[in-house]
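> Sharing a sequence plus its predicted fold:
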Amino acid sequence: MTQLTAQEVLSQLQASQSLRQAELSGIDLSGQSVDEGDFIEACLRRANFTQASCQGTNFSGATLIMADFQGADLQRSQLENAVLTHAHLEDANLGRSHAKGAKLYGAFLTSANGEQMVLDEADMREVSGVRLNLKDASCVGTMFNRAKLTKACFEMANLARSHWEQANLSGADFTAANLERAVLGEVNLSGATLLKASGLNADFKRANLTDSVLKNAQFDWATFVEAVLKGADCHGVSFFNANLTGANVEGANFSASNLREACLANTQLEGACFDDCNVRGALFTDAIGLSEEQKRQLKKNGALNV
C-alpha cells in the first residue's frame, strides 16, 4: 500500500476521516494543523511535527519513535500507550494531555510544558532536559530512572509510587508534591526544593540532598539511609520514625522538626542544628559531631543512646 502524502493526510483530516493504523513513517507535517485528528495506533516513526498544532489529537497506541514535536502544541492530546522512544519534545506544550502508560524512554524534554499532564505508569527512564514543567501533573507509578531533569518543576505533582533511581534532579522544584512511597535511591537532589512535600514511606537511600530545602515537608517512615543532607534546611520537617542511619547531615537545620522515634545511628552531625526539635525516642547510637551541650539537650528531650 502506497504511503499517504502530507497533503493527503491533511485532506483526510479536514474531512474528519480517521488515520487509524496508517503507515506514515517519516511524514512531514511541520507547521500544520492536525487538531482533533485520529492517529490511533498509526506508525509515525521519525515523523516531523515541529511547530505543528496537535490540540486534542489522538495518538493513542501510536508508534512515534524518534518523532520530532519540537515547539508543537499538544494540549489535550491523547497519548495513552504511545511509543515516543527518543522523541524530541523540546519546547512542546503538552498541557492537560493524557499519556498514561506511554513509553518516552530517552525522550528530549528541555523547556517542555506538561502542566496538569497525566503520565501515570509511563516509562520516562533516561529522559533528559532542563526546566521541564510538570506542575500539578499526575505521575503515579511512573518510571524516571536515570532521568536527567535539572531545574525541572514538579510543584504539586502527584508522584506517588514513582521510581527515580540514579536520576539527576539537581535544582528541581518539588514544592507540595506527593512523593508517598516514591523510590529515589541514589538520586541527585542537590539544591532541590521539597518545601511542604509529602514523602511518607519514601526511599531516599544514598540520595544527595546537599543544600536542599525541605522546610515543613512530611517524611514520616521515610528512609534516608546513607543519604547526604549537608546544609539542608529541614526546619519544621516531620521525620517521625524515619531511618537516617549513616546519613551525613553536617550543617543541616533541623530546628522545630519532628524526629520522634527516628533512627540517626552512625550519622555525621557536625554543625547540625536541633533547636526546638522533638527527639523523644530518637536513636543517636554512634552518631558523631555533636557538641557536649547538644548531647545534654538531646538527652534532656528524650533522645536515646546519645
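Everything's here; your move.
> thought Q218 was touching S238?
Yes: judged on C-beta atoms under 8 Å, Q218 makes contact with S238 at a distance of 4.8 Å. Bear in mind the C-beta positions are built from the backbone N, C-alpha and C, glycine included.
> which regions of the chain lie under the pLDDT threshold?
Low-confidence segments of the chain (pLDDT under 70): 1.
> wait, is R296 part of a helix?
Yes: per DSSP: H, G, I helix; E, B strand; the rest coil, R296 lies within a helix segment.
> And it, how far from A62?
Using C-beta to C-beta, to the nearest Å, R296 is found at 66 Å from A62.
> And the two? Which one has more around it.
With neighbours defined as other C-beta atoms under 10 Å, R296 and A62 compare such that A62 has more, 30 against 12.
> Tell me how far the residue most central in space within the chain lies from S77.
In the chain, the C-alpha nearest the mean C-alpha coordinate belongs to F154, at 6.1 Å (C-alpha atoms, centre = their mean). Per C-beta to C-beta, F154 is found 21 Å from S77.
> for G171, same thing?
Remark: distance between G171 and S77 (C-beta to C-beta) = 29 Å.
> who has more neighbours, those two?
S77 (30 against 19).
> got the contact list for that one?
54-59, 94, 97-98 (C-beta atoms under 8 Å, 6 or more residues apart in numbering).
> if we go to 10 Å?
34-37, 39, 54-60, 69, 92-99, 117 (C-beta atoms under 10 Å, 6 or more residues apart in numbering).
> Among these, the buried ones, what's the ChimeraX command?
Restricted to buried positions by 16 or more other C-beta atoms under 10 Å, the ChimeraX selection for the contacts of S77 reads:
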select :34,35,37,39,54,55,56,57,58,59,60,69,92,93,94,95,96,97,98,99,117
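> Wait, L159 touches A202, no?
Yes: shown here, L159 and A202 form a contact pair, counting by C-beta atoms under 10 Å, at 9.3 Å.
> one step back: the residue nearest to the centre of the chain touches L134, doesn't it?
Yes: assessed by C-beta under 10 Å, F154 is found in contact with L134 at 5.3 Å.
> any common contacting residues for those two?
Residues touching both F154 and L134 (C-beta under 10 Å, 6+ apart) are 114, 172-173, 177.
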